[in-house]
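> Model the following, please.
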Amino acid sequence: MELKKQSALENIDACKELLESMSDALWDHPETGYHEHFAARLYCRMLEKLGFQVEQGLAGIETAFSGTYGSGKPVIGFLGEFDALPGLSQQANVTRMCPVTEGGPGHGCGHNLLGVGALAAALGVKKYLEDNKLPGTVKFFGCPAEEGGSGKGFMARDGVFDGVDAAFCWHPGEVNSVATESTMANYQICYHFHGVASHAAMTPELGRSALDALELMNTGVQYLREHVPTDTRIHYAITNSGGNAPGTVQAYAEGLYLLRARQLPQVKELYRRVNNIAQGAALMTETTVDIEFIKACSNSIINTELNHVMQRNLEQIPPQAFDDADLEQARQFRATLTKTSTYFDALAAEATDPEDQKRFQADMDSLIHAVPLPLARERQGFVSSDVGDVSWNCPVAQINAATMPAGVAMHSWQMVAVGKSSMAKKGMLYAAKVMAGSAIDVLENQDILRRAQEELYRRTGGRKYDSPIPDDVKPHIS
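Next up is the predicted model:
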């Protein structure tokens, strides 16, 4: 690795104590989407202290911000997330379910690590630009409400990512790999049914049940499932059933739906059909329904050019060195699992090259999957992420980095519990170096950037980004 790149990556190690304490502080103050005020203040203070120009309140969102260093082209972005999940409060490094606050939020997706790792990568690139006195701009984007709020979608709709030439991101997980899964587009919709209350025994004929309407809608959607593409996903929750008095006809009920499909036009068509079912249910029950569009996100556009750059850095930069204490902790947490994640096994099953198969086999029984995995084939995934909206605006690449024991599932209490551990922080810093190294490669060889942008044009058919979120919809802050 050339010396000037090595120097930039060493700057990440030099900031290790600062970065780890920041990640711990975020873990200690978990905040759900659009409520990340502690996190936003912490990041903005730190960015200013580290020499970045801070802009707050992006897209009219209090907890969305950016930190910019340098000037001119190319503009390299790093995407940071910091929201927690509701109901996943858990004490750190405790191998049993033990909430800090009953029912409180917790970092079950590792976003305390994710955002700080992205900031660390931006610091590495800043050092590179400083040392070599080169033109170029590095931007750290503080992106709120990834979990169900599509913060980046609202930011993209308002042009926050305009002018960014390429962006890099990562996600905590159980393996070191380049992400090659396309995420799904989605819409999130709330259906509010309004009926007429009445005494359910004395005057049932005067009542019009909103709960009946919601249940009929849900039943209609079950029949719809047979007549949509097999890779479509329809999820729902009854968020208000009309109260707890069965002797009163329920005058109000609501359900929250999450509709997913591979492409935005498919989600739009699914939305139309589900709306028809809701309106039909209202007609059958002589109630009314209000349809509230909550948020949406676009399917992601994979960029092979940048993925290959990330893969080279994943293999060139030394991975995490987990010590005996890390391995013992991993052993204890694995003992709490009744069923392990199959993500590693799924990747291993796809490997056809003999050398790749050997790499998987060597890491098969590890307590922590530290070995960088070979570049997997591109495939369709079934999760959604608002990173997809950024990927329509500029080439984007993402890696996963091992921050937890093999087999631990995301959105679990175990993932929250290891969020302050040594293994988690080692994975965070490794991810930062891989992202920073990849960005430096792009700065060094702008032919990479040209090819990545040409690929984005080909994959989108030259279509400009068209936000799936209507202009009059504002972030849903509950």
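> any idea how far residue 179 is from the closest residue to residue 404 other than its chain neighbours?
Among residues not flanking residue 404 along the chain, residue 418 sits closest, at 4.9 Å (Cβ to Cβ, 6 or more residues apart in numbering). Yep, even glycine has a C-beta here, placed from its N, CA and C like the rest. As judged by Cβ to Cβ, to the nearest Å, residue 418 and residue 179 stand 21 Å apart.
> now swap in residue 169 and tell me
9 Å.
> list the residues that contact both of these two?
Common neighbours of residue 169 and residue 179, using Cβ atoms under 8 Å, 6 or more residues apart in numbering, are 397-398.
> Show me which of these two is the more surrounded one.
When residue 169 and residue 179 are compared for neighbours, residue 169 comes out ahead with 27 against 23, by other Cβ atoms under 10 Å.
> Confirm that the more buried one sits in a helix.
No - Residue 169 sits outside any helix when classified using DSSP: H, G, I helix; E, B strand; the rest coil, being strand.
> in the helix or strand containing residue 450, what counts as buried?
Per DSSP states H and E: residue 450 is located in helix 446-460. Buried residues in helix 446-460, counted by 16 or more other Cβ atoms under 10 Å: 448-449, 451-453, 455-456, 459.
> What residues of the helix or strand residue 54 falls within count as buried?
Here residue 54, judged by DSSP H and E, is contained in strand 53-56. Neighbour counts using 16+ other Cβ under 10 Å place 54-55 of strand 53-56 among the buried residues.
> contacts for stretch 346-366?
Contacts for stretch 346-366 (Cβ under 8 Å, 6+ apart): 175, 177, 344, 369-371, 373-374, 376-377, 379, 406.
> how does it look with 6 Å?
With contact meaning Cβ atoms under 6 Å, 6 or more residues apart in numbering, stretch 346-366 is reached by 369, 371, 374, 376, 406.
> nearest to residue 92, of the residues you listed?
residue 406 (19.8 Å; Cβ to Cβ).
> What is the burial count for residue 41?
Residue 41, neighbours per other Cβ under 10 Å, totals 13.
> per-domain residue ranges of this structure.
3-182+300-460, 185-297 (automatic domain parsing).
> I'd like to know which of those is closest to residue 476.
That would be domain 185-297 among the domains of the chain, by Cβ to Cβ, at 4.9 Å.
> hmm, back to that, which ones among the contacts of stretch 346-366 are found in helices?
Of these, none are assigned to helices by DSSP state H.
> Let's see which of the residues you listed end up in strands.
Of those, none are assigned to strands by DSSP state E.
> Quick one, which of the residues you listed are buried?
By neighbour count, with 16+ other Cβ under 10 Å, the contacts of stretch 346-366 hold 369, 371, 374, 376, 406 as buried.
> would CSV of those with pLDDT and distance to residue 253 be doable?
Below are the buried ones among the contacts of stretch 346-366 laid out as CSV (pLDDT from 0 to 100; distance: Cβ to Cβ, whole Å):
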residue, pLDDT, distance to residue 253
369, 92, 45
371, 89, 51
374, 91, 50
376, 90, 44
406, 93, 43
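> Dihedrals phi and psi, residue 414?
Main-chain torsions, residue 414, degrees, to the nearest 10: phi -60, psi -40.
> Test for you: state the pLDDT assigned to the closest residue to it other than its chain neighbours.
Counting by Cβ to Cβ, 6+ apart, residue 414 lies nearest to residue 408, which is 4.8 Å off, once chain neighbours are set aside. pLDDT recorded at residue 408 is 94.
> Tell me how many other residues crowd residue 408.
Residue 408 has 23 nearby residues by other Cβ under 10 Å.
> Give the buried residues for stretch 227-235.
228, 232-234.
> Which parts of this protein are strands?
Counting by DSSP E, the strands of the chain are 53-56, 65-71, 75-81, 136-143, 166-173, 177-178, 181-182, 185-194, 233-240, 252-261, 288-297, 379-380, 396-402.
> looking at those strands, which is closest to residue 214?
That would be strand 252-261 among these, by Cβ to Cβ, at 4.3 Å.
> neighbouring strands for that closest one, and are they parallel or not?
strand 185-194 (antiparallel), strand 233-240 (antiparallel) (DSSP bridges).
> Just give me how far the strand holding residue 54 sits from the chain centre.
The chain centre lies 23 Å from the centre of strand 53-56; the measure is Cα atoms, centre = their mean, to the nearest Å.
> gap between residue 123 and residue 77?
Taken as Cβ to Cβ, the span from residue 123 to residue 77 is 14 Å.
> Same question for residue 15.
From residue 15 to residue 77 the distance is 20 Å (Cβ to Cβ).
> So for these two, which residue has more residues nearby?
Legend: neighbour count by other Cβ under 10 Å for residue 15 and residue 77, higher for residue 77 (28 against 19).
> If the more buried one is in a bridge, with which residues?
residue 139, residue 167.
> from what I can see residue 195 touches residue 208, true?
Yes - with contact defined as Cβ atoms under 6 Å, residue 195 reaches residue 208; the gap is 4.0 Å.
> Need the residues touching each of those two.
With Cβ under 6 Å, 6+ apart, residue 195 and residue 208 have common neighbours residue 287.
> the more surrounded of the two?
The neighbour comparison of residue 195 against residue 208 (other Cβ under 10 Å) goes to residue 195, with 24 against 21.
> OK, contacts around the more buried one?
208-210, 251, 287.
> And for residue 406?
Counted by Cβ under 6 Å, 6+ apart, residue 406 has contacts 174, 366, 368-369.
> Could you do residue 121 as well?
Residue 121 sits next to 78, 432, 435-436 when contact means Cβ under 6 Å, 6+ apart.
> same thing with residue 90?
Residue 90 makes contact with 99, 106, 413, 416-417 under the criterion Cβ under 6 Å, 6+ apart.
> do the same with residue 320
370, 426-427, 430.
> Ramachandran coordinates for the spatially most distant residue from the centre of the chain?
Centroid-distance maximum for the chain: residue 202 at 51.4 Å, with Cα atoms, centre = their mean. For residue 202, the backbone dihedrals (degrees, to the nearest 10) come out as phi -80, psi -40.
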